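Chemist: could you look at this predicted model? Sequence included:
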Amino acid sequence: LKRGWKTLPRSLRPSYISPMYPASWALGLLLVHLYLPLANGISRSSRMLLSHAQWEGKASQGNRTLQALQALANDIAYDRVDRRTMQQSLFSEGSTISKDPDVVPRTLIIDGCSGSSYLVTLSSKLLKAHGVSAHPVGDAGSHKEAIRHNLKFYSTEEEIKAISDAKIIDALGIANDIVNKRGEALLFKTNIKLNMWEPSFEEFSAYLKSNVKSALVLRHNLLDWNICRVRDCFDKGHQGRPVNKKGEPHEACLKRRHDPSIESLAYIFAHKMGRKIKNDAVTRDETVQQLKEAGLVTEVVHSEDLLDFEHEDASGLDNSIKAWAMVLEAWAVEPDEEIIKSVLEKEELAGKLPQPGPHSEVIFNFENVSKVLGKHGMAHYLRE
């Protein structure tokens, strides 16, 4: 029950426990108790309840709640009868994904705060320019929600339900079947540690090696990576907090990426950051070695190189062309440098951005951070 409760936004929780709706709440608990296995069904039922309760219309909240509970009951009844049959018909564990290079799945193994969302979009354009029509489904290697969201207009309700009920590996198989019918290849990103909720590193890496072409992309500058995590609130306050130019905390987080008027600097907990970056470097090297030993990748490409074409420096385009050629080779696509150049030059920011400025412009307490990094031998990450 506690898991299911936490999936509901705080703003919606009071309406479901208000004394005004005791019958609705009691009925909801009864349905949960009777039909859903506590081990893994509570979270799913809460999401279903939330999605149904947010129907558009002028009905009162109480009516929407009752409608949602009725729809939930129908979903549960369907789920008990058909979900196993549907999964087996769409994707069986023993099936083999097509090895046709035009439709074989591709994944970008990459961490957040590395330009990952844009890089997946740009990857799709480059693949298409090389004759491979790729369908990007975002962070599908970590979240089934990304698969459902990105395929909802291309699949049936039964397929979406099967994705919801399947393990992440089977969900990717179902998604691959859906896009293959359209003559497309599945394209998704995966966390560098492959730390999925369900499979182990070994299980997921074995799946990727057998069925997917993988390219590994890392952000070279670990200080930039940590600054981004602090400013976007991914760090959850462990290593610092986002502040404005006066040092006042704010919670703009990801909004700052889309609104240039938001002043967002990182106040870094300097006494922690030196040790943190040193540990990040060790952990990253170990993980890269794991990925290589698992047979998933042979080389590391840096996101700074993939995005260098956006800078005013003329050499940036050449650097990006070489980096993207490495990614395409990892995906079993023969790179054409002229095609890569043509695609990159058409991007909105191509050749328009200045080189990254000094870190004093984005770190509020730069002097303290600079001293600590120097003490830990990490000063080479600083731009002064």
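Modeler: Noted; the coordinates are in hand.
Chemist: all contacts plus neighbour counts: C-alpha atoms, from now on.
Modeler: Will do.
Chemist: for the one residue sitting closest to the centre of the chain, phi and psi?
Modeler: Nearest to the mean C-alpha position of the chain, by Cα atoms, centre = their mean, lies Asp139 at 3.2 Å. Phi and psi for Asp139, reported as degrees, to the nearest 10, are phi -80, psi 50.
Chemist: number the chain from 35, please
Modeler: Sure thing, new numbering starts at 35, so read that last one as Asp173.
Chemist: quick check: closest non-adjacent residue to it.
Modeler: Distances taken as Cα to Cα, 6 or more residues apart in numbering put Lys223 closest to Asp173, at 5.0 Å, once the chain neighbours are dropped.
Chemist: helix or strand next in line after the helix or strand hosting that neighbour, which one?
Modeler: Assigned by DSSP states H and E, Lys223 belongs to strand 219-224. Using DSSP H and E, the helix or strand that follows strand 219-224 towards the C-terminus is helix 235-245.
Chemist: pull out the buried positions in that following helix.
Modeler: For helix 235-245, the neighbour count (16 or more other Cα atoms under 10 Å) marks Phe235, Phe238, Ser239, Leu242, Asn245 as buried.
Chemist: tabulate those residues in JSON lines, adding columns for pLDDT and distance to Lys289.
Modeler: Compiled in JSON lines, these are given as follows (pLDDT from 0 to 100; distance: Cα to Cα, whole Å):
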{"residue": "Phe235", "pLDDT": "87", "distance to Lys289": "33"}
{"residue": "Phe238", "pLDDT": "89", "distance to Lys289": "33"}
{"residue": "Ser239", "pLDDT": "91", "distance to Lys289": "34"}
{"residue": "Leu242", "pLDDT": "92", "distance to Lys289": "33"}
{"residue": "Asn245", "pLDDT": "93", "distance to Lys289": "36"}
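Chemist: which of those residues lies closest to Ser394?
Modeler: Minimum distance to Ser394 across those is 38.4 Å, recorded for Phe235 (Cα to Cα).
Chemist: isn't that closest one up against Leu228?
Modeler: Yes - with contact defined as Cα atoms under 8 Å, Phe235 counts as touching Leu228 (5.7 Å).
Chemist: part of a strand, is Arg275?
Modeler: Yes - checked against DSSP: H, G, I helix; E, B strand; the rest coil, Arg275 lies within a strand.
Chemist: report the beta-bridge partners for it.
Modeler: Taking DSSP bridges as the rule, Arg275 bridges to Tyr301.
Chemist: ok, Ala219 next?
Modeler: Bridge pairing for Ala219 - DSSP bridges - gives Ala168.
Chemist: can you pull the contacts of it?
Modeler: For Ala219, the contacting residues are Asp136, Val137, Val138, Pro139, Arg140, Val166, Ser167, Ala168, His169, Asn210, Val213, by Cα atoms under 8 Å, 6 or more residues apart in numbering.
Chemist: can you put the residues you listed in TSV and add neighbour count?
Modeler: As requested, those are exported to TSV (neighbours: other Cα atoms under 10 Å):
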residue	neighbour count
Asp136	20
Val137	24
Val138	22
Pro139	29
Arg140	27
Val166	19
Ser167	22
Ala168	26
His169	27
Asn210	22
Val213	22
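Chemist: show me which of the residues you listed is closest to Ser298.
Modeler: His169 (33.7 Å).
Chemist: name the SS class of Val251, please.
Modeler: Val251 is classified as strand under three-state DSSP.
Chemist: which parts of the helix or strand containing Ser404 are buried?
Modeler: In this assignment (DSSP H and E), Ser404 forms part of helix 400-409. Residues Phe400, Val403, Ser404, Val406, Leu407 are the ones in helix 400-409 that count as buried (16+ other Cα under 10 Å).
Chemist: all helices for the stretch 85-234 of the chain, in order.
Modeler: In the stretch 85-234 of the chain, the segments counted as helices under DSSP state H, counting those that start in this stretch are 95-124, 150-163, 178-185, 191-199, 202-215.
Chemist: can you name every helix or strand that the last one contacts?
Modeler: Packed against helix 202-215 by the contact rule (3 or more Cα pairs under 8 Å, 6 or more residues apart in numbering; DSSP states H and E) you find helix 178-185, helix 191-199, strand 219-224.
Chemist: could you list the low-pLDDT ranges of the stretch 135-284 of the chain?
Modeler: The model of the stretch 135-284 of the chain has pLDDT under 70 over residues 135, 175-177, 229-232.
Chemist: quick check: pLDDT value at Leu416.
Modeler: As predicted, Leu416 sits at a pLDDT of 95.
Chemist: burial of Tyr301, as a residue count?
Modeler: Neighbour count of Tyr301, defined by other Cα atoms under 10 Å: 25.
Chemist: for Ser150, see how far away it is.
Modeler: When Cα to Cα, to the nearest Å is the yardstick, Tyr301 and Ser150 sit 24 Å from each other.
Chemist: do Leu299 as well
Modeler: Distance of Leu299 to Ser150, computed by Cα to Cα: 21 Å.
Chemist: what do you get for Ala180?
Modeler: When distance is defined by Cα to Cα, Ala180 is 14 Å away from Ser150.
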